[in-house]
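>>> model this:
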Amino acid sequence: MIRFTLLLIASWIVMTTTHEVGHLIGGWLGGGTLQHAELRPWHLPYSHFAPDPHPLLTLWSGPLVGAVVPLLIAIAIRKPSVWFIANFCVLANGVYLAVAWFTGDPFLDTPRLLAAGASPLSIAIYCALTLGWGYPAFRADCVAVFRPKPVEPCEQNAAD
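Below you'll find the model as predicted:
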């Protein structure tokens, strides 16, 4: 249980950081002027650009970087704990956009994406891909964390 809790904490920190750094990169690439940014994961991270000449670039960069960067790291490192974190990030970014769509909170990414001219279909495709990949992969990672490890034959003989 301790390992699972630590993995969830690490996953939250990686997810919030990569998501928000994605917004920062997108805003910078789009020529926006950063007014304020909050990156501490125990607060809800956010960034505010004004002016933001390319808000779609700024807004889409968060969920895209937030899902893709952890996946690329997991592909490079190939460790179960890193895959756990990466799959959490994919799932969490998809859940965030889906939930934000239904809440309609004007400070969340999905209503801001729609207000900036994003196609509802593009958001739906992103949610379908991230939830379709993220849920089964993260569920399998959770099951693996709690699965008992097999006892090696020499360990079993030493115990007898």
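>>> When you work out contacts or count neighbours from here on, use the C-alpha atoms and nothing else.
Fine.
>>> Residue 133 and residue 95, how far apart?
Distance of residue 133 to residue 95, given as Cα to Cα, to the nearest Å: 12 Å.
>>> Which one's more surrounded, these two?
residue 95 (18 against 15; other Cα atoms under 10 Å).
>>> and the gap between the more buried one and residue 50?
From residue 95 to residue 50 the distance is 27 Å (Cα to Cα).
>>> how about stretch 52-64: buried residues?
Neighbour-count burial for stretch 52-64 flags 52, 54, 55, 56, 57, 58, 59, 60, 61, 62, 63, 64 (criterion: 16 or more other Cα atoms under 10 Å).
>>> A strand includes the fourth one, no?
No - membership of residue 56 in a strand is not supported by DSSP: H, G, I helix; E, B strand; the rest coil, which gives helix.
>>> Give me the distance between it and residue 64.
Distance of residue 56 to residue 64, given as Cα to Cα: 12 Å.
>>> and what of residue 112?
Counting by Cα to Cα, the separation of residue 112 from residue 64 is 15 Å.
>>> for this structure, which spans come out with low pLDDT?
Along the chain, segments meeting pLDDT under 70 span 154-160.
>>> How far away from the center of its chain is the helix or strand harbouring residue 75?
Assigned by DSSP states H and E, residue 75 belongs to helix 55-77. Taking the mean of its C-alpha atoms, helix 55-77 sits 8 Å from the chain's own mean (Cα atoms, centre = their mean, to the nearest Å).
>>> what sits against the closest residue to residue 137 other than its chain neighbours?
Spatially, and ignoring its direct neighbours in sequence, residue 137 is nearest to residue 87 (6.1 Å; Cα to Cα, 6 or more residues apart in numbering). Contacts for residue 87 (Cα atoms under 8 Å, 6 or more residues apart in numbering) come out as 71, 134, 135, 137, 138.
>>> same check, this time on residue 62
Taking Cα under 8 Å, 6+ apart as the contact definition, residue 62 lies against 18, 19, 20, 21, 22, 23, 24, 26.
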